[in-house]
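**Q** need coordinates for the following:
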Amino acid sequence: MQQPTVETLIETARAAARKAYCPYSNYPVGAALLARDGRIFTGCNVENASYGLTICAERVALTGAVAQGASDFVALALAAGADEPATPCGACLQVLVEFCPPEMPVSFATLSGGTVRTLPLRDFLPYAFRLQTAPLDAIHEQTP
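**A** You can find the predicted model right below:
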């Protein structure tokens, strides 16, 4: 199976950003998370009047993927911003580190075009907090 290109993932993230609920910031963000099996999971930011309850596009995509049984991810693309692309926030990075390999490419671009930048996940949060726990597969095997 041929994996989608970075350009395809960015365009998928841009389409997801158009669904964002962002009446407070007016800053739509879209994410496209690629699983090893070829499935693409999308997310957009969903804001809330109680700002702390806002959820970012990356976490929407990741939690949706996990809820659908995916746990092996190979790429993430983000689309946000008009002049400069946005990178994941610290909370999203910490959640991504829980599920994604440090070498996973994270690509980011603006909503309208321009240069796409790509860095490995480890470059965004080089000293991420990690608990030494059982791998996800072992945890899932124990679930009744």
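**Q** spatially central, which residue of this structure would that be?
**A** Centroid-nearest residue in the chain, with C-alpha atoms, centre = their mean: residue 58, separated by 3.1 Å.
**Q** which SS state does it fall under?
**A** Three-state assignment for residue 58 (DSSP: H, G, I helix; E, B strand; the rest coil): helix.
**Q** what do you get for residue 74?
**A** Quick answer, by three-state DSSP: residue 74 is strand.
**Q** hang on, the earlier thing: quick check: the gap between the residue nearest to the centre of the chain and residue 16.
**A** 11 Å (C-beta to C-beta, to the nearest Å). Where you see a C-beta, it was placed from the backbone N, CA and C, and this is true even at glycine.
**Q** quick one: common contacting residues for these two?
**A** Common contacts of residue 58 and residue 16, defined by C-beta atoms under 8 Å, 6 or more residues apart in numbering, comprise 31, 43.
**Q** how many neighbouring residues does residue 85 have?
**A** Residues lying near residue 85 (other C-beta atoms under 10 Å) number 19.
**Q** where does pLDDT dip in this structure?
**A** 1, 133-144 (pLDDT under 70).
**Q** quick one: the helices in it?
**A** Along the chain, the stretches classed as helices by DSSP state H are 6-17, 57-67, 90-99, 121-124, 136-142.
**Q** indicate which one of those is closest to residue 111.
**A** Set against residue 111 and scored by C-beta to C-beta, the helices of the chain come closest in helix 6-17, at 5.8 Å.
**Q** give the contact list for residue 86.
**A** Taking C-beta under 8 Å, 6+ apart as the test, what residue 86 contacts is 29, 78, 80, 108.
**Q** restricted to strands, list those residues.
**A** 29, 78, 80, 108 (DSSP state E).
**Q** quick one: buried residues of stretch 45-56?
**A** Of the residues in stretch 45-56, 45-47, 55-56 count as buried by neighbour count, 16 or more other C-beta atoms under 10 Å.
**Q** render the CA-only coordinates of that stretch in PDB, please.
**A** Extracted C-alpha coordinates of stretch 45-56, given in PDB (Å, rounded to 0.1, in the frame of the first residue of the first chain):
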ATOM      1  CA  ASN A  45      -9.600  22.800  17.100                       C
ATOM      2  CA  VAL A  46     -12.800  23.000  19.100                       C
ATOM      3  CA  GLU A  47     -12.900  26.000  21.400                       C
ATOM      4  CA  ASN A  48     -15.100  26.600  24.500                       C
ATOM      5  CA  ALA A  49     -16.100  29.700  26.400                       C
ATOM      6  CA  SER A  50     -14.300  28.200  29.400                       C
ATOM      7  CA  TYR A  51     -10.900  28.400  27.500                       C
ATOM      8  CA  GLY A  52      -9.200  25.600  29.400                       C
ATOM      9  CA  LEU A  53     -11.700  23.200  27.900                       C
ATOM     10  CA  THR A  54     -10.700  24.000  24.400                       C
ATOM     11  CA  ILE A  55      -9.200  21.000  22.600                       C
ATOM     12  CA  CYS A  56      -6.500  21.300  19.900                       C
END
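**Q** please consider this matter closed, and thank you.
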